[in-house]
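J.: What follows is a predicted protein model with its sequence.
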Amino acid sequence: MSYHMAARILICGILSMQTILTLSQDPSYSLDEFNKHLNRDFHDMDQDKNGTVELVEMENRIQRQDYNKDGCVSFNEFMKLRVDDSLKFVWVVFNHFDHNNDGCLEIQDQIDEFHEIDVNPKDGAVTIPELDAYYDKLFQKILPSLLHP
Ligand SMILES: [Ca+2]
Ligand SMILES: [Ca+2]
Ligand SMILES: [Ca+2]
């Protein structure tokens, strides 16, 4: 498996950094496996199972991480689901999602993120190819800050 693909899976939040390192040593890990992970991630978000992810479904996902229900996913809350990842990686991803840089992930950040994913076509619904292209772009964006602090 290429490092590129490994990083994309990591960004998807599906696997831990340790799993990625193990997988990257395993040449039998294929694109099919990656697509399986991508599909699982997508279907997890697509709560009404209509084959696309709508904004409200992405909002629900961020609200599930807001444990004390104060309308803000703090870095501490964000970390809870990613205990196996390196602090640095989680920090870089958190800052990517925090569009207004206030140290909170809120609904508005999720709306901004949704508009970055929903581009082809821009129709208020995210498909698997859109999510795939988005992860690719996200990877290109955050990789430099992971390699060169
Ligand atoms: Ca849906
Ligand atoms: Ca924010
Ligand atoms: Ca779309």
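T.: Perfect, I can see it now. Ligands and ions are numbered 1, 2, ... in the order given.
J.: Only C-alpha atoms from now on, for both contacts and neighbour counts.
T.: Noted.
J.: how close does His115 get to ligand 2?
T.: Distance, His115 to ligand 2, using CA to the ion, to the nearest Å: 15 Å.
J.: cool, Gly103 as well?
T.: Distance from Gly103 to ligand 2, by CA to the ion: 6 Å.
J.: Can you give me the neighbour number for that residue?
T.: When neighbours are defined as other CA atoms under 10 Å, Gly103 has 15 of them.
J.: who's in contact with the nearest residue to it once chain neighbours are set aside?
T.: Of all residues not flanking Gly103 in the chain, Ser74 sits nearest, at 6.5 Å (CA to CA, 6 or more residues apart in numbering). Residues in contact with Ser74 (CA atoms under 8 Å, 6 or more residues apart in numbering) are Asp66, Gly103, Cys104, Leu105.
J.: ok, now Asp118?
T.: So Asp118 contacts Gly124, Ala125, Val126, Glu130 (CA under 8 Å, 6+ apart).
J.: same question, Phe114
T.: Here Phe114 is in contact with Leu55, Met58 (CA under 8 Å, 6+ apart).
J.: and it, what element?
T.: Using DSSP states H and E, the element containing Phe114 is helix 107-117.
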